[in-house]
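Colleague: model this:
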Amino acid sequence: MAKPGGQQKLHPSKRHRDPLKTKNEKLRLGPLNIKQLEELVEKSKRRRDRAKFLKEIFRKQALLAKRSKK
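Modeller: Numbers count the residues shown, from 1 in each chain. You can find the predicted model right below:
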């Protein structure tokens, strides 16, 4: 069932991508925990990326603090 161009047709459920990246190959920060985000801050060289990681860390810490108060 190969196409003339040499490509095989895949069923949509068989197309698996990296769940930690978006369609534009950017990193998804939601599933990462605080320790992983801190490692990314240390490794990152771009200030803009570092700011994104730090913002996500502060957001997650605030969420944890809010949960622990209940």
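
Colleague: how about low-confidence regions in this protein?
Modeller: 1-6 (pLDDT under 70).

Colleague: can we see that at 80?
Modeller: Applying pLDDT under 80 to the chain picks out residues 1-17, 70.

Colleague: nearest residue to the spatially most central residue of it other than its sequence neighbours?
Modeller: Compute the mean C-alpha point of the chain, and by CA atoms, centre = their mean the closest residue is Arg28, 1.9 Å away. With CB to CB, 6 or more residues apart in numbering as the criterion, Arg28 has its nearest non-adjacent residue at 5.4 Å, and that residue is Leu20. From N, CA and C alone the C-beta is placed, and that goes for glycine too.

Colleague: just checking, what's the longest helix in the protein?
Modeller: If you go by DSSP state H, the chain has its longest helix at helix 47-69.

Colleague: So for it, what gets flagged as buried?
Modeller: Neighbour-count burial for helix 47-69 flags Lys52, Phe53, Glu56, Ile57, Lys60 (criterion: 16 or more other CB atoms under 10 Å).
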